[in-house]
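Visitor: Structural data only, the sequence is not supplied:
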């Protein structure tokens, strides 16, 4: 409830002033006081909104992104920031990675390579900002883990290769090395 409506609600039952009378000086004075209170009220609402990452829109959002080191994330900053704020020290589960990868637009497949300490993210499409995605995922990864981001999309899976119209002889005719085949797999 805005200040003027609150003042009317509390003063009308007293019956001392006729606040509905056109040109009432008391109503005009109350309205002038309410306008000053509206400035304070709006300022408090803005401060409350900007204090929380999930509702911040302008200066609070920019400050929190800068503090988290994600000011360069553009449209992904909010999703990444919310996930980073949820992360607790000493806890890094598969579910945490899946949620964060989906927030960054990398959802689809996540593989764990047990023979080497590595997590492999295989998004259906390359992210718009690969540098930002790597930066955020690296912050969540434990120090001993390496991560790989496979940017080949569907072309990098066995199902994708099987669905291709080329035969194995045509694949071999390209004379590509494994390094050339995996040039779109980024380690970080």
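Guide: Cool, the structure landed. In this text, all values refer to a predicted model and were calculated from it rather than measured experimentally. Residues are numbered from 1 along each chain as shown.
Visitor: all strands in the protein, in order from the N-terminus.
Guide: 108-113, 118-123, 146-150, 185-187 (DSSP state E).
Visitor: Next, the angle from the first one to strand 118-123.
Guide: Read that as strand 108-113. Angle between the axes of strand 108-113 and strand 118-123 is 160 degrees (criterion: axes from the mean of the first three to the mean of the last three Cα atoms, to 10 degrees).
Visitor: What ranges in the chain fall below the confidence cut-off?
Guide: 73, 75-76, 79, 82-92, 107-108, 152-161, 188 (pLDDT under 70).
Visitor: Now do the longest helix seen in it: which elements does it pack against?
Guide: Counting by DSSP state H, the longest helix found in the chain is helix 25-51. The helices and strands touching helix 25-51, judged by 3 or more Cβ pairs under 8 Å, 6 or more residues apart in numbering; DSSP states H and E, are helix 3-11, helix 59-68. Any C-beta I mention is one placed from the backbone N, CA and C, and that applies to glycine too.
Visitor: tell me the contacts of the residue lying closest to residue 127 once chain neighbours are set aside?
Guide: Spatial nearest neighbour of residue 127, chain neighbours left out: residue 133 (4.5 Å); criterion: Cβ to Cβ, 6 or more residues apart in numbering. By Cβ atoms under 8 Å, 6 or more residues apart in numbering, the contact set of residue 133 is 76, 104, 105, 106, 127, 149.
Visitor: likewise residue 116?
Guide: Residues in contact with residue 116 (Cβ under 8 Å, 6+ apart) are residue 146.
Visitor: rewinding a little: okay, the helices and strands packed on helix 25-51 in TSV with mean neighbour count and distance to residue 34 next?
Guide: Listed next are the helices and strands packed on helix 25-51 as TSV, based on neighbours: other Cβ atoms under 10 Å; distance: least, Cβ to Cβ, whole Å:
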stretch	mean neighbour count	distance to residue 34
helix 3-11	14	4
helix 59-68	16	26
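Visitor: Would you format those helices as TSV with distance to residue 19 included?
Guide: As requested, the helices and strands packed on helix 25-51 are exported to TSV (distance: least, Cβ to Cβ, whole Å):
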stretch	distance to residue 19
helix 3-11	6
helix 59-68	38
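Visitor: Of all those helices, which one is nearest residue 93?
Guide: helix 59-68 (20.5 Å; Cβ to Cβ).
Visitor: what comes up buried for the longest helix of the chain?
Guide: 27, 30, 34, 50 (16 or more other Cβ atoms under 10 Å).
Visitor: Return the residues in contact with residue 64.
Guide: 53, 56, 81.
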